[in-house]
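[1] what follows is a protein structure lacking sequence information:
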């Protein structure tokens, strides 16, 4: 096992907060010196959507760092908590998912998570196994361990309460369920985003009450979406799914807002922290070209989930699509959604490239409409989703949209 | 069945609030005219102490009125909710009872309640039967039906929250459990004290959500303790238990504060409302003697739970104890508690009759200590609880205490 100093440098890199710091250092030191067993590092993911994206990967990669240092990663798939809905950072009660939706999402998670975590020193558990069978008396015991006032100190609850936005009583249960998970898996440290701090600390309380040493809490910064918005989701097209094809990843990374480049280098790639510092100062001094730097970022991300060769090919394809045809690199995206076929005039209208379907027909007949550079002349064409995804749709010389799946 | 008009006059007598009034009248009218089945009138009692007292009887007697008119009384023994603890009107979280304590209390309840309710048209159920087996998912469904803001509108919660006194999250569950009871028993009307209004209205919401016609809510005024304090309990010695012996009841009724006499006539006896009005105006005009009126009240109460003959004997015994020996009627009480034997000097000190056990020994040796008029000369005597209960302990000519079990 690596020395405590090396371990702490790796584990604390990029971390926002460690609570309490001295306790965590003591645990790592004891493990490094063989005075205690390796740490059990917990991370819980609620399968509320079918996709694991680059935002989740910030913490999943930190979890892998624990594994690489000989500790155990305990990944909790929140089969039960996903049905409740984590209210953290929310301004309204989440719609509740059905057990079937949750189960379907959970199945897709494991495959995607496997691209990041190591298969050894990994425990994957579903909290429905212990939460669902709990009976009323257990729930009461859990609820009696927390006060209403402390719940309302949480920033998100406080804001909703003071603005008169409803909070369902059931939402108060969420942090307690997450804390109960820590008791069940006997975690030594729990990882989470900064918006999870409250929930993670509840775990400490419940473990202490159950006679366990309380877990340390390690929070990671939240990654903004590619467009800079706080909320990252596949449906808003502002994230990169860890299971996406290489060329999709590359194209999406290239649409990142310039000012987020350094943060993405730091949190979404394996580039060494010192090198990230050099990139940051190079960009600030104007010594590095932003476009070239973003290409490097895109290659790093693709390499992480696919390979260096896949990254090279993705860049080549990107060049054919954009550079060789003078398509600007930061054009808007359009998500094709679930629809299997698109009527060309409807698509041109839906993407905003044309103001109406009649303008769309006019432009098509005038030969102004192209897909990846090829003219589409049939104004009544119906195109399959598979033939559209990943391509650039263009009207005239200056209007472009990148179509994504 | 009596006419709707007669029924409403009886059922609404002494009632504080009916919510909503028109709906309740419509239900009673429909039942009286045979257009619907008799009403199911629900009352829930949590067996949090072993004794049913005259405060509970206000509502139990109203419940009997429903029975007498052909409706069904549904008495819920809160085997489960007693373990949670009703936070209504509380300024702090209640200590939680164990299942064993609750079960022991519940056994004593049925016997006492049987002195008031009719055995026919009576359903007695325990809410542990349906609440205890509820699983986490059911609890969540229940909790998602109520908002935090609405809970905090409750006066008692609001006061505790604004004064920084802790409210356990589990306390938010109580009104929902009580409401769930209404769904389970399909109640048409629920009775409760005025401090129960919020909980009773929650029952309406849950029934509506479950597709049932919502129960009407009928609240009764709260009876103050004999000493005028809001909280009535056997341990504070300010109430009359419905299972107590006749002479205890009589003596306790005589210790009632004068200004509460009319309220006790109205809520704790079967004296006709018109007659109570006459008593009230007679007392106000000075035409009725307060002491004589209180004796009548005491007789009425004893007659209700024992018999007219028992009331007569109790009054006779009271006369021997007090009047014949010029003992004032409103002397303080001392609760003997669970202790089976009392060392006389300790008792004299504990009751406050003597400032110390050495003063107690001096007074005893001086022949100044009497029990029901008999001199106690042995300063080292140990007296059995059974020989003390119900008697008057006296030091000198002016210091008295009535010892109660």
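    Nice, I can see it. This structure is a prediction, so every number in the text was calculated from the model and none was measured.
[2] burial measure for residue A:305, as a count.
    A total of 21 residues lie near residue A:305 under the criterion other CB atoms under 10 Å in any protein chain shown. Just so you know, the C-beta spots here come from the backbone N, C-alpha and C atoms, and that holds for glycine as well.
[3] contacts only, for residue A:199.
    For residue A:199, the contacting residues are A:86, A:88, A:174, A:175, A:178, A:179, A:192, by CB atoms under 8 Å, 6 or more residues apart in numbering or on different chains.
[4] can I take it that the last one is in a helix?
    Meaning residue A:192. No - assessed by DSSP: H, G, I helix; E, B strand; the rest coil, residue A:192 does not belong to a helix; its assignment is strand.
[5] next, count neighbours for it.
    22.
[6] so where's chain A uncertain?
    A:88-95, A:234-236 (pLDDT under 70).
[7] strands of that one, start to end?
    A:17-19, A:40-45, A:72-77, A:122-126, A:189-193, A:216-220, A:333-335, A:341-343, A:369-371, A:374-375, A:382-384, A:392-395, A:399-404 (DSSP state E).
[8] before we move on, the earlier item: distance to residue B:231 added to the contacts of residue A:199, as CSV?
    Formatted as CSV, the contacts of residue A:199 follow (distance: CB to CB, whole Å):
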residue, distance to residue B:231
A:86, 41
A:88, 41
A:174, 36
A:175, 34
A:178, 39
A:179, 35
A:192, 45
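[9] so how far is residue B:202 from residue A:172?
    Per CB to CB, to the nearest Å, residue A:172 is found 16 Å from residue B:202.
[10] got the residues of the stretch 1-150 of chain A near chain B?
    A:80, A:83-84, A:93, A:96, A:131-140, A:143-149 (CB under 8 Å from any CB of the partner chain).
[11] buried among those? Need that as a selection in ChimeraX.
    Listed next is the ChimeraX selection for buried residues among those, using 16 or more other CB atoms under 10 Å in any protein chain shown:
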select /A:80,83,84,93,96,131,134,136,137,138,139,140,143,144,145,146,147,148
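[12] next step: the residues of the stretch 1-150 of chain A next to chain B restricted to helices.
    A:83, A:84, A:131, A:136, A:137, A:138, A:139, A:140, A:143, A:148, A:149 (DSSP state H).
[13] quick one, what contacts the nearest residue to the fourth one once chain neighbours are set aside?
    I take that to be residue A:136. The shortest distance from residue A:136 to any non-neighbouring residue, by CB to CB, 6 or more residues apart in numbering or on different chains, is to residue B:134 (4.5 Å). Going by CB under 8 Å, 6+ apart, residue B:134 touches A:135, A:136, B:142.
[14] what's the separation between the residue most central in space within chain A and chain B?
    In chain A, the residue lying closest to the centroid (CA atoms, centre = their mean) is residue A:55, at 2.3 Å. For residue A:55, the distance to chain B (CB to the nearest CB, to the nearest Å) stands at 27 Å.
[15] the residue nearest to residue A:389 when sequence neighbours are not counted: what's it in contact with?
    Distance criterion CB to CB, 6+ apart; nearest residue to residue A:389, sequence neighbours excluded, is residue A:405 at 4.1 Å. Taking CB under 8 Å, 6+ apart as the criterion, residue A:405 is in contact with A:248, A:335, A:336, A:385, A:389, A:390.
[16] closest one of these to residue B:108?
    The nearest member of the contacts of residue A:405 to residue B:108, counting by CB to CB, is residue A:335 at 67.7 Å.
[17] count the neighbours of the residue lying closest to that closest one once chain neighbours are set aside for me.
    Of all residues beyond its chain neighbours, the one nearest residue A:335 is residue A:237 (4.8 Å), with distances taken as CB to CB, 6+ apart. Residues lying near residue A:237 (other CB under 10 Å) number 17.
[18] show me what contacts residue A:237?
    Shown in contact with residue A:237 (CB under 8 Å, 6+ apart): A:333, A:334, A:335, A:404.
[19] one more time with 7 Å, if that's ok
    Residues near residue A:237 by CB atoms under 7 Å, 6 or more residues apart in numbering or on different chains: A:333, A:335, A:404.
[20] kindly report the same for residue A:353.
    Listed by CB under 7 Å, 6+ apart, the contact partners of residue A:353 are A:393, A:395, A:399, A:401.
[21] with adjacent residues omitted, what lies nearest to it?
    residue A:395 (4.5 Å).
[22] please name the nearest non-neighbouring residue to residue A:396.
    residue A:368 (5.0 Å).
[23] from residue A:86, how far out is the residue in the stretch 151-300 of chain A that chain B sits nearest to?
    Relative to chain B, the nearest point of the stretch 151-300 of chain A is residue A:170 (3.7 Å; CB to the nearest CB). According to CB to CB, residue A:170 stands 12 Å off from residue A:86.
[24] okay, these two: which has more neighbours?
    residue A:170 (24 against 21).
[25] quick one: contacts for that one?
    Residue A:170 neighbours (CB under 7 Å, 6+ apart): A:84, B:140, B:143, B:144.
[26] 6 Å - rerun?
    The contact partners of residue A:170, taken as CB atoms under 6 Å, 6 or more residues apart in numbering or on different chains, are B:140, B:143, B:144.
[27] near chain A too, which of those?
    Intersecting the contacts of residue A:170 with the surroundings of chain A, defined as CB under 6 Å from any CB of the partner chain, gives B:140, B:143, B:144.
[28] of those residues, which is the nearest to residue A:310?
    Looking across these and measuring by CB to CB, the closest to residue A:310 is residue B:140, at 44.0 Å.
[29] just give the nearest non-adjacent residue to the closest one, would you?
    residue A:170 is the one closest to residue B:140 (CB to CB, 6+ apart), at 5.1 Å.
[30] with residue A:201 instead?
    Residue A:201's closest residue in space is residue A:217 (CB to CB, 6+ apart), at 6.1 Å.
[31] same check, this time on residue A:245
    residue A:390 (7.6 Å).
[32] what backbone torsions are found at the one you found?
    phi 90, psi 0 (degrees, to the nearest 10).
[33] that one: how many residues sit nearby?
    Around residue A:390 there are 19 residues (other CB under 10 Å).
[34] next: residue A:155.
    12.
[35] residues near residue A:221, how many?
    15.
[36] how far away is it from residue B:311?
    For residue A:221 relative to residue B:311 (CB to CB), the value is 79 Å.
[37] repeat for residue A:30
    From residue A:30 to residue B:311 the distance is 77 Å (CB to CB).
[38] which one of these two has more residues nearby?
    Remark: of residue A:30 and residue B:311, residue B:311 carries more neighbours, 24 against 14, as counted by other CB under 10 Å.
[39] quick one: residues contacting the more buried one.
    By CB under 6 Å, 6+ apart, residue B:311 lies in contact with B:299, B:302, B:303.
[40] repeat that with 8 Å
    Counting by CB under 8 Å, 6+ apart, residue B:311 has contacts B:246, B:250, B:298, B:299, B:300, B:302, B:303.
[41] by neighbour count, which of the contacts of residue A:199 wins?
    residue A:178 (29 neighbours).
[42] show me the contacts for the residue lying closest to residue A:151 once chain neighbours are set aside.
    Closest residue in space to residue A:151, ignoring its immediate chain neighbours: residue A:172 at 5.2 Å, by CB to CB, 6+ apart. Counting by CB under 8 Å, 6+ apart, residue A:172 makes contact with A:143, A:146, A:148, A:151, B:143, B:148, B:169, B:172.
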